[in-house]
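Novice: Below are the sequence and a predicted model for it; my questions follow.
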Amino acid sequence: MLSPQLVHKILGVVFFLLPCCVQGKPAGNSLPSFSRLPEEKVEEGVVPGFKLLDDKEMEDIVRQLNRQISRLEGVFHLQHVITAAGGKIFATSGKRADFQTTRKTCKKAGGSIATPRNASENDAILHFVKRFGTYAYLGIRESLIPTKFQFLDGTPLSYTRWHSREPAGRGEEECVEMYTDGTWNDRKCYKNHLIVCQF
Ligand code: MMA
Ligand code: CA
């Protein structure tokens, strides 16, 4: 069964990527449309505008949605705009922005800035950095204690991939960028880097 969280995640990726990938008209939609119930028939606990569906109809819709989502994932994978690692989906719009704008862009799309928590997630992000030949900001920032970096939620780093002799900014470079070899460097936050989000 599709959880609301998963549906939300998928819609986030789709809407984030739509401007870059949509070409031509969408294929005919085979999903049943939700018809509006007459006002007087609206029952308590029923969302107006949505038909009541039995289990069979529900299963059917879930199956169709799953099929359509797999197709979309296939297309996005082919176009190298999404990569997957351990349940997370990483996506890029191919555009660039500074750290704050990247955070905002990802949040608006229903995701967050790419934050590698292990080697395979780091590799999934690296895929875009290599493909676009552009560094990317990560969801890691210097804490109030200079040279001590942490995830944006304040939790300590459980995985690191610092470039040799980094971080070296000592309070002067509060953000973290990924180099084209996948290693990390602490860096000022205003650079124009590739936007990579996670969903
Ligand atoms: C050097 C090195 C890094 C620093 C950048 C800033 C090219 O790398 O000193 O630690 O972040 O310069 O431009
Ligand atoms: Ca540095």
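Specialist: Received it, and whenever you're ready, just let me know what you need. Ligands and ions are numbered 1, 2, ... in the order given.
Novice: Who does Ile89 form a beta bridge with?
Specialist: Here Ile89 sits in beta bridges with Ala84, going by DSSP bridges.
Novice: That one contacts Phe199, correct?
Specialist: Yes: with contact defined as Cβ atoms under 8 Å, Ile89 reaches Phe199; the gap is 4.7 Å. Where you see a C-beta, it was placed from the backbone N, CA and C, and this is true even at glycine.
Novice: who has more neighbours, those two?
Specialist: Phe199 (23 against 19; other Cβ atoms under 10 Å).
Novice: what's the closest non-adjacent residue to the more buried one?
Specialist: Gly111 (4.1 Å; Cβ to Cβ, 6 or more residues apart in numbering).
Novice: so what pLDDT did the one you found get?
Specialist: Looking at Gly111, its pLDDT is 97.
Novice: Now do the shared contacts for Ile89 and Phe199.
Specialist: Lys9, Val13 (Cβ atoms under 8 Å, 6 or more residues apart in numbering).
Novice: What count of nearby residues applies to Lys188?
Specialist: 13.
Novice: so what's the backbone phi/psi at it?
Specialist: Main-chain dihedrals, Lys188, degrees, to the nearest 10: phi -60, psi 160.
Novice: give the contact list for it.
Specialist: Glu172, Glu173, Glu174, Cys175.
Novice: Show the buried residues in those residues.
Specialist: Using 16 or more other Cβ atoms under 10 Å as the burial test, the contacts of Lys188 include Glu173, Glu174, Cys175 as buried.
Novice: Save these as TSV, and put in secondary structure too.
Specialist: Formatted as TSV, the buried ones among the contacts of Lys188 follow (DSSP: H, G, I helix; E, B strand; the rest coil):
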residue	secondary structure
Glu173	coil
Glu174	coil
Cys175	strand
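Novice: Can you name the element that comes right after the helix or strand of the chain with the lowest mean pLDDT?
Specialist: Ranked by mean pLDDT, DSSP states H and E, the weakest helix or strand in the chain is helix 4-21, scoring a mean of 67. Per DSSP states H and E, the first helix or strand lying C-terminal to helix 4-21 is helix 55-78.
Novice: Distance from the chain centre to that next one, please.
Specialist: Centroid separation between helix 55-78 and its chain, computed with Cα atoms, centre = their mean, to the nearest Å, is 19 Å.
Novice: In which helix or strand does whichever residue of the chain sits closest to ligand 2 reside?
Specialist: Going by Cβ to the ion, ligand 2 is nearest to Asp186 of the chain, at 4.1 Å. Under the criterion of DSSP H and E, Asp186 resides in strand 184-187.
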